[in-house]
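Engineer: how would this look folded up:
(2 chains)
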Protein chains: 2
Amino acid sequence: MDLEPSPLAQPFPTMPAIDGVTLRVARAGYKAWDRADLTYLELVEGTAVAGVFTRSACPSSEVEIGRDNVGKGRARALIVNAGNSNAFTGYRGREAVEQIMEQVAESLGCGADEVFVSSTGVIGVPLPKDKARAGVATVLSAQPCSWADAATTIGTTDTFAKGATTTAMIGGTKVTLNGIIKGSGMIAPDMATMLGYIFTDAAVDPAFLQQCLSAANEQTFSCITVDSDTSTSDTVLAFATGKAGNAPIGSFDDAGADAFAAALHDVCRQLSHLVVRDGEGASKFIEVSVTGAASDESARMVALSIANSPLVKTAIAGEDANWGRVVMAVGKAGEPADRDKLSIAFGGTWTARNGLPVEGYDEAPVAAHLKGQEIQLEVDLGIGDGRATVWTCDLTHGYISINADYRS
Amino acid sequence: MDLEPSPLAQPFPTMPAIDGVTLRVARAGYKAWDRADLTYLELVEGTAVAGVFTRSACPSSEVEIGRDNVGKGRARALIVNAGNSNAFTGYRGREAVEQIMEQVAESLGCGADEVFVSSTGVIGVPLPKDKARAGVATVLSAQPCSWADAATTIGTTDTFAKGATTTAMIGGTKVTLNGIIKGSGMIAPDMATMLGYIFTDAAVDPAFLQQCLSAANEQTFSCITVDSDTSTSDTVLAFATGKAGNAPIGSFDDAGADAFAAALHDVCRQLSHLVVRDGEGASKFIEVSVTGAASDESARMVALSIANSPLVKTAIAGEDANWGRVVMAVGKAGEPADRDKLSIAFGGTWTARNGLPVEGYDEAPVAAHLKGQEIQLEVDLGIGDGRATVWTCDLTHGYISINADYRS
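Structural biologist: Reported below is the predicted structural model:
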């Protein structure tokens, strides 16, 4: 598939090195394509790990094994296979993952449970063990590559490479956080066909890293949706090498803990938005903010009902301020709402207030706003203090074109 | 909007008269279109009524008022406005409905609460009272028309008129049931942008009519989905004039009760399938059957998760037996499932069994099946006895075309 870059694409940022992380890519040939499809990130001894995973009832072996091992808190390597998700492949899929873990562990002299594996692509075809073995052998001795190379190699239907970087001060020590992510369709809470990886040179206890990642996930990766579909492989892992030399962070009582948590949240937010910006067929990036709900969680459910509504998404694709469809989506959410207290704004212009159209509202700024690429939709339910923001994209012919002939 | 008939359209059946029902249509001019848009069904004195309505938290005044009045059990008239749903129009919308009810009641010499009103079309624009008043005055004295005329007039984005008819024997008396329905998009449980009306000359107590309609709804209208969106106006009403002369049915102990309930279920099933066949942009009619679930309700939730998945629907549009996407949809349903017990069949050919692809399954019959217009998808969860069947259509470029420029 040769796709034009999404019109919402953003350039890959300049990403500094992270001390303790070495990146390599190789071509395993999982698919009949002429590109690298195997990514290897080697992590220095002592690296802490945390992770969040799909809540699918039918996860891949990679997810099952990763979920088991992440709790042990230590990682030495990450392998990402692109082109084959190895999901729904039973014991043969599991054997392929274990083979990769053992092969890398042997090379590094670490435990197999310190090697994390992700796979993304077609479901139901066992990852070919021979290609994996040869590919891993090649990648283990490949020359180090750039963050942009790694971000490109983990992608499948992605139309642009996605990365984010930021820094934080912990005591007097500057730490860096880099993230890369892939994902464009099958994106929905909880999470997405989304493989996201965050690396930092900060010294962070695994439990605190997990606490920060889980909290950030709730307001970032779990608040994006492209098509309401949730993959069997969604994974976000965070790795902290500790090479920056700060005093290790173990709780919010430690110096710099707040700054680190905020920086991690920022990287997660940036990465999650990039996934939406590569939503299959997306032409507009949509922020849906719900206020006045019965609770924050109720607000999130209403916001997701709006963000997942095909009729809302096609209306925005058509640059139509069709707030009637927003009312519909609020109504179907199954959350507390009162038709006669509901207010709706596009781009800051209220088109409906307290259950009635705003008569004679100025359509010009609304029309101008909808012609843009960044759409803001605000809904005030008028019944409480709950609030939430989610992000999605519009639904266009491009989505149909991409998904009606992906596998073949 | 001038749409080609759906490729899944079915011809309008030959519908007999129902004694006690007179049909009329007129042009109120709710939209700038050159067609009748106001439908009036006059019902003989003593007609019983039952109804099921949208569970939207933001229903229209028509739904609020209808829900209040249907419990009284008696109806003399039904008015359907097409082109304006009158939803989210506050007190002004309510006044328009009450005006129509009073105008018709005055003409018939009945109570206003015996006049049922539905409206369908754009949300958020109050139904214009002057057009409604003139339109109702015209339709009250119009010449009777056919069932096909009425079925056409209640439609909006529908591409073909939808009707169903059947008969049943109650004791020695033959009774007839006719149904008409509109709806094509914004179709989802619970129900749809769906206005459905069933008429019978059988004598049936209102409470029993309600019991039969509610039961049929659970397995028909609540088991169809086009785009997962639920309208603010969904309504199905059943009217029984009693003119056939059978001994009135009040419970399942009465003669002919089973036959009547089965006939009503049959009409509801036919009507619900016709709505799917007119799903916006539909090119394939899809039956999703789930067996082996923890319970019937769990099976229904899994089946709906599959039927609402954009990735499943686009795969079928692309005639791709992509059972991996089916696994994904099972996994995200949030219902009990076990990846390693899951089996999936297209058109009766099992492509995956017990969590593994069926090696070397014959792809020819699967490919041939997927090229057809009637797709059967079976999923066995292998963990219990629960089962359910739902119906949907594929997701195509046509859906985007229709919905990206509907309102303007």
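Engineer: interface residues of the stretch 201-350 of chain A facing chain B?
Structural biologist: In this structure, the stretch 201-350 of chain A approaches chain B at residues A:227-232, A:308-311, A:314-315, A:317-318, A:320, A:322-325, A:327-340, A:342, judged by Cβ under 8 Å from any Cβ of the partner chain. The C-beta positions use only the backbone N, C-alpha and C, and glycine is treated the same way.
Engineer: Now do the contacts for the residue in the stretch 201-350 of chain A that chain B sits nearest to.
Structural biologist: Checking the stretch 201-350 of chain A residue by residue against chain B with Cβ to the nearest Cβ singles out residue A:324 as nearest, at 2.7 Å. Taking Cβ atoms under 8 Å, 6 or more residues apart in numbering or on different chains as the criterion, residue A:324 is in contact with B:85, B:87, B:88, B:122, B:123, B:124, B:407.
Engineer: From the residues you listed, pick the one nearest chain A.
Structural biologist: Using Cβ to the nearest Cβ, the shortest approach to chain A within the contacts of residue A:324 belongs to residue B:123, at 2.7 Å.
Engineer: Give me the nearest residue to the closest one, chain neighbours excluded.
Structural biologist: Once flanking residues are discounted, residue B:123 sits nearest to residue A:324: 2.7 Å by Cβ to Cβ, 6 or more residues apart in numbering or on different chains.
Engineer: Wait, a strand at that neighbour?
Structural biologist: No - when the secondary structure is assigned by DSSP: H, G, I helix; E, B strand; the rest coil, residue A:324 falls in helix instead of a strand.
Engineer: coming back round to it: can you flag which of the residues of the stretch 201-350 of chain A next to chain B belong to helices?
Structural biologist: A:310-311, A:314-315, A:317, A:323-325, A:327-332 (DSSP state H).
Engineer: Neighbour-wise, which one of these leads?
Structural biologist: residue A:328 (30 neighbours; other Cβ atoms under 10 Å in any protein chain shown).
Engineer: Confirm for me that that one is in contact with residue A:311.
Structural biologist: Yes - between residue A:328 and residue A:311 a contact is recorded at 6.7 Å, counting by Cβ atoms under 8 Å.
Engineer: Sketch out the low-pLDDT regions of the stretch 101-250 of chain A for me.
Structural biologist: Scanning the stretch 101-250 of chain A with the threshold set as pLDDT under 70 gives A:184-193, A:227-233.
Engineer: check contacts around the residue in it positioned nearest to chain B.
Structural biologist: When Cβ to the nearest Cβ is the measure, the stretch 101-250 of chain A has its nearest residue to chain B at residue A:123, with 2.7 Å between them. When contacts are counted by Cβ under 8 Å, 6+ apart, residue A:123 is found next to A:85, A:87, A:88, A:232, B:324, B:325, B:327, B:328.
Engineer: Chain A: helices as residue ranges?
Structural biologist: A:61-70, A:90-108, A:129-140, A:147-153, A:206-219, A:257-277, A:296-307, A:310-317, A:323-332, A:363-371, A:397-403.
Engineer: Now tabulate these in TSV and tack on distance to residue B:244.
Structural biologist: What follows is the helices of chain A, written out as TSV (distance: least, Cβ to Cβ, whole Å):
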stretch	distance to residue B:244
helix A:61-70	61
helix A:90-108	59
helix A:129-140	71
helix A:147-153	72
helix A:206-219	60
helix A:257-277	59
helix A:296-307	45
helix A:310-317	41
helix A:323-332	39
helix A:363-371	55
helix A:397-403	49
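Engineer: who wins for proximity to residue B:357 among the ones you listed?
Structural biologist: Between residue B:357 and the helices of chain A, the tightest spacing by Cβ to Cβ is seen for helix A:90-108, at 8.7 Å.
Engineer: how near is residue A:254 to residue A:18?
Structural biologist: Counting by Cβ to Cβ, to the nearest Å, the gap between residue A:254 and residue A:18 amounts to 21 Å.
Engineer: And these two? Which one has more around it.
Structural biologist: Each of residue A:254 and residue A:18 had its neighbours counted (other Cβ under 10 Å), and the higher figure belongs to residue A:18 (27 against 18).
Engineer: Now the more buried one. Its backbone dihedrals?
Structural biologist: The phi/psi pair for residue A:18 (degrees, to the nearest 10) reads phi -110, psi 120.
Engineer: show me what contacts it?
Structural biologist: Going by Cβ under 8 Å, 6+ apart, residue A:18 touches A:176, A:178, A:199, A:200, A:201, A:241, A:243.
Engineer: Tell me, how many residues neighbour the fourth one?
Structural biologist: Just to be clear, that refers to residue A:200. Other residues lying near residue A:200 total 32 when counted by other Cβ under 10 Å.
Engineer: quick one on the thing from earlier: what's the most distant pair in the contacts of residue A:18?
Structural biologist: Using Cβ to Cβ, the pair of the contacts of residue A:18 lying farthest apart is A:178 and A:243, separated by 13.1 Å.
Engineer: If you count surrounding residues, which of these two has more?
Structural biologist: Here residue A:178 and residue A:243 are set side by side on neighbour count (other Cβ under 10 Å), and the busier one is residue A:178, at 25 against 18.
Engineer: can you pull up the bridge partners for that one?
Structural biologist: Note on residue A:178: beta-bridge partners residue A:165, residue A:199, judged by DSSP bridges.
Engineer: sorry, back to before: can you pick the most crowded of the contacts of residue A:324?
Structural biologist: Within these, neighbour counts (other Cβ under 10 Å) peak at residue B:87, which reaches 32 neighbours.
Engineer: Pretty sure that one sits against residue B:97.
Structural biologist: No - the pair formed by residue B:87 and residue B:97 falls short of the contact definition of Cβ under 8 Å, at 11.0 Å.
Engineer: Which neighbours do the two have in common?
Structural biologist: Common neighbours of residue B:87 and residue B:97, using Cβ under 8 Å, 6+ apart, are B:61, B:62, B:119.
Engineer: Tell me how many other residues crowd the second one.
Structural biologist: Which is residue B:62. For residue B:62, the number of neighbouring residues by other Cβ under 10 Å comes to 31.
Engineer: any idea how far it is from residue B:307?
Structural biologist: In this structure, residue B:62 and residue B:307 are separated by 28 Å, where distance is defined by Cβ to Cβ.
Engineer: what's near enough to touch residue A:384?
Structural biologist: With contacts taken as Cβ under 8 Å, 6+ apart, residue A:384 has the following neighbours: A:292, A:293, A:294, A:295, A:298, A:336.
Engineer: Surely the last one and residue A:299 touch.
Structural biologist: This points to residue A:336. No - with contacts defined as Cβ under 8 Å, residue A:336 does not count as touching residue A:299, sitting 10.4 Å away.
Engineer: which residues do these two both contact?
Structural biologist: Overlap of the contact sets of residue A:336 and residue A:299 (by Cβ under 8 Å, 6+ apart) consists of A:293, A:381.
Engineer: the more surrounded of those two?
Structural biologist: Neighbours per residue, other Cβ under 10 Å: of residue A:336 and residue A:299, the larger number sits with residue A:299, 25 against 15.
Engineer: Can you give me the distance of the more buried one to residue A:354?
Structural biologist: Remark: distance between residue A:299 and residue A:354 (Cβ to Cβ) = 18 Å.
Engineer: Same check on residue A:74?
Structural biologist: For residue A:74, the distance to residue A:354 (Cβ to Cβ) stands at 56 Å.
Engineer: Ok, residue A:201 next?
Structural biologist: 52 Å.
Engineer: And for residue A:222?
Structural biologist: Residue A:222 sits 31 Å away from residue A:354, taking Cβ to Cβ as the criterion.
Engineer: Please identify which of these two sits among more neighbours.
Structural biologist: Regarding residue A:222 and residue A:354, a neighbour count based on other Cβ under 10 Å identifies residue A:222 as having more, with 21 against 15.
Engineer: Pretty sure residue A:43 sits against residue A:75.
Structural biologist: Yes - proximity of residue A:43 to residue A:75 meets the contact threshold set by Cβ under 8 Å, at 5.4 Å.
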